[in-house]
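> Show me the folded form of this:
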Amino acid sequence: MMAVLGILAAIGIAGAARLIDASWVHVVARDARDLMALARDQATATGTRTSVRFDPLQQRVVVHAGTDTIARYDALDHGGVRLSSTRDSMAYAPSGLGYGASNLRLVLSKGASAETISVSRLGRVSR
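Got it, this is the predicted structure:
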């Protein structure tokens, strides 16, 4: 009987861990989308090309407007979520459109949970 209870408890703990991982991934994905919106808004408001840089070694996202850093986000500080991207940055022109020649895919993951954010070369963000 105790063995059965131990197995059920282990299953419950594993399920709770997956749920917590999924929650952290969702939070970081939302924050990443917010940073891209901030960059786009900054570009249109100031007329300055603004970029969002993804650093997979530091697990960091940084928003630059011209030579100024306007936001920094450390993914590992938010539940240990890992990030990877197909490009190292996404830039927005003063028109609010993406500046560059290719799409970007940002993958955020922790454990078995993952979310992918896609950004078209025109700057449109989608999940």
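
> Please report how far the spatially most central residue of the chain lies from Arg87.
Central residue of the chain (CA atoms, centre = their mean): Ala32, 3.8 Å from the mean position. To Arg87, Ala32 is 14 Å away according to CB to CB, to the nearest Å. All C-beta spots, glycine's among them, are computed from the backbone N, C-alpha and C.

> Going along the chain, name the helices of the chain.
2-46 (DSSP state H).

> Any stretches of it with poor pLDDT?
1-16, 101 (pLDDT under 70).

> change it to 80
Within the chain, the stretches with pLDDT under 80 are 1-17, 100-101, 127.

> Contacts only, for the residue nearest to Gly79 when sequence neighbours are not counted.
Spatial nearest neighbour of Gly79, excluding adjacent residues (CB to CB, 6 or more residues apart in numbering): Trp24 at 2.9 Å. Trp24 makes contacts with His78, Gly79, Gly80, Val81, Lys110, Ser113, as judged by CB atoms under 8 Å, 6 or more residues apart in numbering.

> Most neighbours among those, which one?
Val81 (26 neighbours; other CB atoms under 10 Å).

> Disregarding residues adjacent in the polypeptide, which is nearest to it?
Using CB to CB, 6+ apart, the closest residue to Val81 is Val28 (4.3 Å).

> re earlier: quick one: which of the contacts of Trp24 sit in strands?
Lys110, Ser113 (DSSP state E).

> Can you tell me which of the contacts of Trp24 lies closest to Thr48?
Distance to Thr48, by CB to CB, is smallest for His78 among those, at 27.7 Å.

> and the closest residue in space to the closest one that isn't next to it in sequence, how many neighbours?
In space, His78 comes closest to Val28 once its chain neighbours are excluded; the distance is 5.1 Å by CB to CB, 6+ apart. Residues lying near Val28 (other CB under 10 Å) number 27.

> who touches Val28 in this structure?
Contacts of Val28 by CB under 8 Å, 6+ apart are Ala75, His78, Gly79, Val81, Leu83, Leu108.

> closest to Arg18 among the residues you listed?
Nearest member of those to Arg18, counting by CB to CB, is Gly79, at 12.9 Å.

> That'll do, ta.
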